[in-house]
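S.K.: give me the fold of what follows.
(one chain, ligands or ions: 1)
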Amino acid sequence: MEIPFIKMHGLGNNYIYLDLFTLDINEKLLPTLAQRVSNVNTGIGSDGLIIIHPSDVAEVGMRIFNKDGSEGKSCGNGLRCTAKYAYEYGIVDKKKFNIETKAGLVEAEVFEHNGKAEHITINMGSPIFNRSSIPMAGEESEKVIKEPFLIDDSQLEVTAVSMGNPHAVFFVEKIEEAPLYDLGPSIEKDSRFPEGVNVEFIEVVSDRELNFRVWERGSGVTQACGTGACAAVVAATLNNHVARNETITVHLQGGDLKIKWDQENQVWMTGGAVITAIGTYYFHDKE
Ligand SMILES: N[C@H](CCC[C@H](N)C(=O)O)C(=O)O
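M.R.: Numbers count the residues shown, from 1 in each chain. Now for the predicted structure:
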């Protein structure tokens, strides 16, 4: 089967995108397709698969599948790339529009330069704190802020936030010493997170600046995680490390995002999006 695709990245967090406005594909195939195209040796190579699709409730819809085939409910870098593609390829004819995700509707705004979407702002909505909605096991509580968290003999403190997808945020002295590979996999699959969890390590640089690394649920270490950067700013605010209602610069491995958690409890994310390649993927029934 010949499958036309677009490869795009947001700060190096790269996905293979399928445009279901022009392509018809059996959605049962998507988890397997995500695993196949993500494989850098036998596929194209990516952090996963994103589906851009018609929506009854928004101008455009987006679904995200991680490298392991699991479906996430939202993806910040994917949303910026989806907005860029929708604007530049005529799916939408305006600069402000909604995108439907499994986590709900988000609002996108494209900032154009020479007809191209130079950078994109997404209103990622309100953070979710209560434990059962993260979801995280344990006594129901309003918030999980710097809760003791023992993992593989390491005593950590976790702040848990959902941006429609679950995030476990840990603060470290030096970002280069973050135990990304040592503890990321164990935390991701820890039973205290019944749906798994994205794992972020944050170094506070100032009250307007964070350094950030991520081990993503279903994809492992990626260059950037948009929902994770939002969760990091919310967690840093809850722990009084950064100022509320101010624009915080988050330095991710692949570049910077500007994040603001405003007084109306909306989290705004601004950053770039790049089209890397357009091509045809040849799906073989037998790998
Ligand atoms: N791994 C995430 C989905 C991708 C999120 C990330 N790439 C972003 O930019 O937000 C999850 O399973 O919830």
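
S.K.: and the strands in the stretch 1-150 of the chain?
M.R.: Assigned by DSSP state E, counting those that start in this stretch, the strands in the stretch 1-150 of the chain fall at 2-10, 13-19, 48-53, 60-66, 71-72, 96-101, 104-113, 116-123, 144-151.

S.K.: nearest to the ligand: which residue in the stretch 1-150 of the chain?
M.R.: Gly72 (3.0 Å; C-beta to the nearest ligand atom). Backbone N, C-alpha and C define where each C-beta goes, glycine included.

S.K.: for the nearest residue to that residue once chain neighbours are set aside, list the residues it contacts.
M.R.: Spatially, and ignoring its direct neighbours in sequence, Gly72 is nearest to Ile64 (4.6 Å; C-beta to C-beta, 6 or more residues apart in numbering). When the contact criterion is C-beta atoms under 8 Å, 6 or more residues apart in numbering, the partners of Ile64 are 15, 48-51, 71-75, 78, 101.

S.K.: who's in contact with the residue nearest the centre of the chain?
M.R.: Centroid check for the chain by C-alpha atoms, centre = their mean gives Cys75 as the closest residue, at 3.3 Å. Contacts of Cys75 were listed using C-beta under 8 Å, 6+ apart, and they are 15, 50, 62, 64, 101, 165, 226-227.

S.K.: and the ligand, which of these reach it?
M.R.: 64, 165, 226-227 (C-beta under 6 Å from any ligand atom).

S.K.: if you rank those by neighbours, which is first?
M.R.: Thr227 (31 neighbours; other C-beta atoms under 10 Å).

S.K.: for that residue, give me phi and psi.
M.R.: In terms of degrees, to the nearest 10, the main-chain angles of Thr227 are phi -60, psi -30.

S.K.: nearest residue to it in space, please, no chain neighbours.
M.R.: Met163 (4.2 Å).

S.K.: that neighbour contacts Gly104, correct?
M.R.: No - the pair Met163 / Gly104 is not scored as a contact, 10.6 Å apart, by C-beta atoms under 8 Å.

S.K.: joint contacts of those two?
M.R.: Gly125.

S.K.: settle it for me: which of those two has more neighbours?
M.R.: More crowded of Met163 and Gly104, by other C-beta under 10 Å: Met163, with 28 against 13.

S.K.: ok, the more buried one - contacts?
M.R.: 74, 76, 103, 124-125, 127-128, 227, 230-231, 234, 267.

S.K.: ok, now with 6 Å
M.R.: 124, 227, 230-231 (C-beta atoms under 6 Å, 6 or more residues apart in numbering).

S.K.: same thing with Phe149?
M.R.: 156, 158.

S.K.: any idea what it is bridged to?
M.R.: Assessed by DSSP bridges, Phe149 has beta-bridge partners Leu156.
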